[in-house]
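> Let me see the structure of the following:
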Amino acid sequence: LPGNLNLLRAFGFFFFTFWTAFNTALVDVVGSEQQIPLSVVKLWASAFGGEIKSIAAKYSGSQLLQKKYKEYEKDVAIEEIDGLQLVKKLAKNMEEMFHKKSEAVRRLVEAAEDAYLKHEFDADLQYEYFNAVLINERDEEGNYLELGKEFILVPNDHFNNLPVNISLSDVQVPTNMYNKDPAIVNGVYWSESLNKVFVDNFDRDPSLIWQYFGSAKGFFRQYPGIKWEPDENGVIAFDCRNRKWYIQAATSPKDVVILVDVSGSMKGLRLTIAKQTVSSILDTLGDDDFFNIIAYNEELHYVEPCLNGTLVQADRANKEHFREHLDKLFAKGIGMLDIALNEAFNMLNEFNHTGQGSICSQAIMLITDGAVDTYDTIFAKYNWPDRKVRIFTYLIGREAAFADNLKWMACANKGFFTQISTLADVQENVMEYLHVLSRPKVIDQEHDVVWTEAYIDSTLADDQGLVLMTTVAMPVFSKQNETRSKGILLGVVGTDVPVKELLKAIPKYKLGIHGYAFAITNNGYILTHPELRPLYEEGKKRRKPNYSSVDLSEVEWEDRDDVLRNAMVNRKTGKFSMEVKKTVDKGKRVLVMTNDYYYTDIKGTPFSLGVALSRGHGKYFFRGNVTVEEGLHDLEHPDVSLADEWSYCNTDLHPEHRQMTQLEAIKRYLTGKEPLLQCKYLVKYACDKELIQEVLFDAVVSAPIEAYWTSLALNKSENSDKGVEVAFLGTRTGLSRINLFVGPEQLTNQDFLTAEDKENIFNADHFPLWYRRAAEQIPGSFVYSIPFSTETANKSNVVTASTAIQLLDDRKSPVVAAVGIQMKLEFFQRKFWTASRQCASLDGRCAISCDDEAINCYLIDNNGFILVSEDYRQTGYFFGEVEGAVMNKLLSMGSFKRITLYDYQAMCRTNKESSDSAHSLLDPYNAFFAAVKWIMTELLCKTASHVVQNFVCCSSHVNIKIFFPVPIAQRLKQTLEPCDTEYPAFVSERTIKETTGTIACDGCFKSFVIQQIPSSNLFMVVVDNECFCDSIPPITMAPIEIRNHLVHNESLKCERLKSQKIRRRPESCHGFHPEENARECGGVSGLSAKPPLVLLPLLLKIFSR
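Numbers count the residues shown, from 1 in each chain. The predicted structure follows:
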């Protein structure tokens, strides 16, 4: 018994010791979880929320403005917007605008054809015209150069402040052509009669910009006249005949098979010329064309093996893909042209039956250094007697032994033959086929109106500003009866239409805060859309390679089945709805909403128009009513401004009105000083009466806030530390008021609410960021944010707060205005730290404080960005980068949710060969530089021997390797290329106000508390700082490229190349005419380059390297 008792005592002592140790450890762990009391954090959040809302409401005047709108509640009429009627009305307005532009072009066509009909060609004609490159140029003695007479140029804001001559046009001639060639001089002479039509068109429609005539001979007449400057190489590479507007107007859609001879005789320079010829042909193909390329020797080699036996759309991506594959071609073996021709004819026939191609013109382009036969049996089998497939033959090299066979093939199949001896000959000779394809259209005398996709104005550098435009163009024909069967194309006339002209027809105030209008082409490409981003920044702004072919599905990507896109491409009228995720604030934040889309076609154009309206407040509009006298009085206040890019009055309609601001135009319109604000050819008022009435209403309702702000500013006891710097408001009509509580020079953010900060002002595409975000907050609450700044590594020293003003208290109430303030970040953070030191204990001693090293306190917004941290450097960072474990737990608990977004207009870094690589040879000028540089080096090195003679005789067989003296590894450099990316955004769950949590880390538990700040989009997060969770990685918002998996999967790459979205063919087709005279089918080019003139700038380039 005593032994058992001792054992029992020993066991009891052990149990007591274990229990004590266990409880001590448990208390430590539990204590670690409980050392952040929820009640204290709630107290801090409440104190800070009350203080900061009081400041924001007081200085913004939000309660006063809400009260003023409520006073007019009974006097306003709320209407639900009929989206279908709205889009039809907008489409009708755009149709009228587009028709005016096309009528201006039609007048140019008639004038040009009449002038040519009256002109007789004079080979000895001497005519001094204004050459756009030489005007105002003098020689060393001070005399004007030949063709360079005095040409008065005056800066004109309608033409982006470029110096122009609005009385005359001038003429640009490509560098590789002779300025005084008889054909050019005669063409310039008879086209001089277009000057008076240019001026008359501009008088009739002062909103017109560039008008021009591109001649089939190569010269380009432009109005208003402007000085053209050569590039750094002394070259002007512009040739109007390879511009899309010219090619579209001159020809019909086409299916093209390009056959390239890669037999042994094509080695060296011949293969280089052949590749450049193929590349130049690709330049002439547009989005309505289809093509494939086959290289042949004793076997057939599809340049892209995946596309065996079919054709693909000639969009930019496909053409670039084929260009890259051209570099892989090499010459060997024997050329078996008969096999290639059979394959080409079979492919064109089978593809035509699929109904996927152009269903119009068909052509085979043959690029070779000779043919031993005429292959008439093949043509008899596939192409005669109708000769629907044209054969264009390009003889490469100087030898003409097999020229007759190639010329016979072209002439027997309604095509054209040219010989290309040098790289400098390529472009001019390639252009010939376009004029052959234009013959049926000319014989039909069909002046089809064509419209291009959106492109950037080339008269401005990309970093000077973004001017997107479309071109309307029409062909010009010879009407001489004796040449009718020859189908002679004289050229193409056109005018540019800025996309902003379309936006002027869109009443932004009726689309709501998140609403927008957009337009697409028959191929589904965007003409205008607020999400189109044509430029990227790398040192300076540059245009993206694929900016003109961004598909609607790449910005409205939530529509996975392309329902909206396909309906618009097919010119239907209707409605479509879907949930969308719209990014704002440089893509860092996301707004999730449901959009209703309404769409219809724009008649007389290939375009379709869509309007997106967000559900809820975005579907309602209200009309207020005040007298003109009341409104005019309140518009006189100096703090009032209107959205510059909105069209209250069309001030472009008369030159004298262009200097007016929109506010000034409204005042003059209302006072009768400019009763019509219109030019003599217009019958409609130039001002939007309905919009102006609403501007007057907003001016009257919001006027009392000016006196309110002034009284605050004058009260010295208020804002003594000058923490609040700016108060502002904006209304649904684009009216803004601003009040400064500090001097302009003392503003922390000098760009805020200026044109430099486009996200925060009203523009043609969207409402200000602070307005859009406030509209999605709970009524009466404020949204706080710090601006993201790329210049200062995501740091900002200000906080912006804004709140929405609603007319009614229900969901159908339109958001009539938003007001807000901007304050110093230091002031905002000081308020936060003061609140976080409060506690409820009677003795004033707090259990915990944000000053304690054991905890970290943060203030984050509803997208997870840090506004306040003990480490100031973390301001502006995403919370997941700083506290990855806590953010990960918040996501798993549902306090925040991750939203996956896609960017199909991204630019990614990739390794590419430098400009000395083989691919650069496909650029005509670089290729020519390379060839001439090599020749001159060889001549200088070997002038003492007979090798020079050997070289001259054998130059066509020189191996291509002469152009690559630098190893490939040394030529690789990083460049930005178009790509697709995926990236996350984060949004807080509104229903969760507070959360506590614990995270199991390495040997410890990390506790945290998150508490919503009342009446805001903010959360206070308090995190245990004594338990480290380094094993849990941070969460970043970095984009991930999503096309990498395709690189190693050939079948996926192939399917992607073959896939073709629904498109609509152009309505007209002129592929064939039985009366066509095909006897003019080639020889030496009528306009040859003049070597001394071409070589001068090229040699300067060579020796400058």
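
> Please make it C-alpha for all contacts and neighbour counts, starting now.
Noted.

> mind checking the SS state of Ser796?
Here Ser796 is recorded as coil under DSSP: H, G, I helix; E, B strand; the rest coil.

> Quickly note the distance from the closest residue to Ser438 other than its chain neighbours to His435.
Spatial nearest neighbour of Ser438, chain neighbours left out: Thr251 (4.8 Å); criterion: C-alpha to C-alpha, 6 or more residues apart in numbering. Distance from Thr251 to His435, counting by C-alpha to C-alpha, to the nearest Å: 8 Å.

> for Ser358, same thing?
18 Å.

> So if I had to pick from those two, which one is more boxed in?
Neighbour comparison, Ser358 and His435: the larger count goes to Ser358, with 23 against 20 (by other C-alpha atoms under 10 Å).

> Over to that one: give its phi and psi.
Torsion angles at Ser358 (phi, psi; degrees, to the nearest 10) stand at phi -80, psi -20.

> pretty sure it contacts Arg1063?
No - the pair Ser358 / Arg1063 is not scored as a contact, 10.6 Å apart, by C-alpha atoms under 8 Å.

> for the chain, which spans come out with low pLDDT?
1-35, 460-466, 674-685, 719, 789-795, 810-812, 840-844, 912-973, 1043-1051, 1083-1105 (pLDDT under 70).

> So for it, the centremost residue is which one?
Pro534 (2.2 Å; C-alpha atoms, centre = their mean).

> any idea what sits nearest that residue, other than its immediate chain neighbours?
Tyr547 (4.8 Å).

> Then Lys889?
Ile999 (7.3 Å).

> Likewise for Ala371?
Phe402 (5.7 Å).

> before we move on, what SS does the closest residue to Phe1072 other than its chain neighbours have?
Nearest residue to Phe1072, sequence neighbours excluded (C-alpha to C-alpha, 6+ apart): Pro440, at 5.5 Å. Three-state secondary structure (criterion: three-state DSSP) places Pro440 in helix.

> and the gap between the residue nearest to the centre of the chain and Ala454?
Taken as C-alpha to C-alpha, the span from Pro534 to Ala454 is 10 Å.

> Which neighbours do the two have in common?
Ser548 (C-alpha atoms under 8 Å, 6 or more residues apart in numbering).

> for the residue nearest to Pro534, what are its contacts?
455, 533-535.

> Spell out which residues make up each domain of this structure.
When the chain is parsed with the TED database, its domains come out as 48-79+626-648+688-824, 90-238+452-497, 251-421, 506-618, 850-910+975-1062.

> end to end, how far does the longest one reach?
Using C-alpha to C-alpha, the end-to-end distance of domain 90-238+452-497 comes to 17 Å.

> how about the residue nearest to the centre of the chain, what does it touch?
So Pro534 contacts 543-544, 547-548 (C-alpha under 8 Å, 6+ apart).

> next one: His99
Going by C-alpha under 8 Å, 6+ apart, His99 touches Gly604.

> all helices for the stretch 901-1050 of the chain, in order.
Per DSSP state H, counting those that start in this stretch, the stretch 901-1050 of the chain carries helices over the ranges 924-942, 947-954, 968-971, 1044-1047, 1050-1058.

> Likewise for the stretch 251-400 of the chain?
269-283, 316-326, 337-354, 376-382.

> so which of those helices comes closest to Val467?
With C-alpha to C-alpha as the criterion, Val467 lies closest to helix 316-326 of the helices of the stretch 251-400 of the chain, at 20.8 Å.

> who does the closest one touch, helix- and strand-wise?
helix 269-283 (3 or more C-alpha pairs under 8 Å, 6 or more residues apart in numbering; DSSP states H and E).

> Show me what the helix it packs on is packed up against.
helix 316-326, strand 361-368, strand 389-396, helix 426-430.

> Can you check what angle separates that helix from strand 389-396?
Put simply, helix 269-283 runs at 140 degrees to strand 389-396, going by axes from the mean of the first three to the mean of the last three C-alpha atoms, to 10 degrees.

> Need the CA coordinates for helix 269-283. PDB is fine.
Extracted in PDB, the C-alpha atoms of helix 269-283 (Å, rounded to 0.1, in the frame of the first residue of the first chain):
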ATOM      1  CA  LEU A 269      20.400  37.900-104.100                       C
ATOM      2  CA  ARG A 270      17.700  36.500-106.300                       C
ATOM      3  CA  LEU A 271      16.100  34.700-103.300                       C
ATOM      4  CA  THR A 272      16.400  37.900-101.300                       C
ATOM      5  CA  ILE A 273      14.600  39.900-104.000                       C
ATOM      6  CA  ALA A 274      12.000  37.100-104.200                       C
ATOM      7  CA  LYS A 275      11.300  37.300-100.500                       C
ATOM      8  CA  GLN A 276      11.000  41.100-100.700                       C
ATOM      9  CA  THR A 277       8.600  40.700-103.600                       C
ATOM     10  CA  VAL A 278       6.400  38.300-101.500                       C
ATOM     11  CA  SER A 279       6.500  40.700 -98.600                       C
ATOM     12  CA  SER A 280       5.500  43.600-100.800                       C
ATOM     13  CA  ILE A 281       2.600  41.600-102.200                       C
ATOM     14  CA  LEU A 282       1.500  40.900 -98.600                       C
ATOM     15  CA  ASP A 283       1.500  44.600 -97.900                       C
END
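
> Pull out the buried positions in that helix.
Using 16 or more other C-alpha atoms under 10 Å as the test for burial, helix 269-283 gives 269-283.

> any idea which of the residues you listed is closest to Glu759?
Checking the buried residues of helix 269-283 one by one against Glu759 (C-alpha to C-alpha), the nearest turns out to be Asp283, at 37.0 Å.

> Distance check, that closest one against Ala314.
Taken as C-alpha to C-alpha, the span from Asp283 to Ala314 is 9 Å.

> doesn't Thr996 make contact with Ile1010?
Yes - using C-alpha under 8 Å, Ile1010 makes contact with Thr996 at a distance of 6.3 Å.

> So those two - more neighbours on which side?
More neighbours surround Ile1010 than the other of Ile1010 and Thr996, with 27 against 19 (other C-alpha under 10 Å).

> contact partners of stretch 633-649?
For stretch 633-649, contacts defined as C-alpha under 8 Å, 6+ apart pick out 504-505, 507-508, 661-663, 665-666, 677, 686-688, 691-692, 696, 699-700, 703, 706, 734-739, 761-764.

> By neighbour count, sort out the buried ones in these.
504-505, 507-508, 662-663, 665-666, 677, 686-687, 691-692, 696, 699-700, 703, 706, 734-739, 761-764.

> Let's see which of these end up in strands.
If you go by DSSP state E, these have 735-739 in strands.

> rewinding a little: buried subset of the contacts of Tyr547 as a ChimeraX selection?
Restricted to buried positions by 16+ other C-alpha under 10 Å, the ChimeraX selection for the contacts of Tyr547 reads:
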select :455,534,535
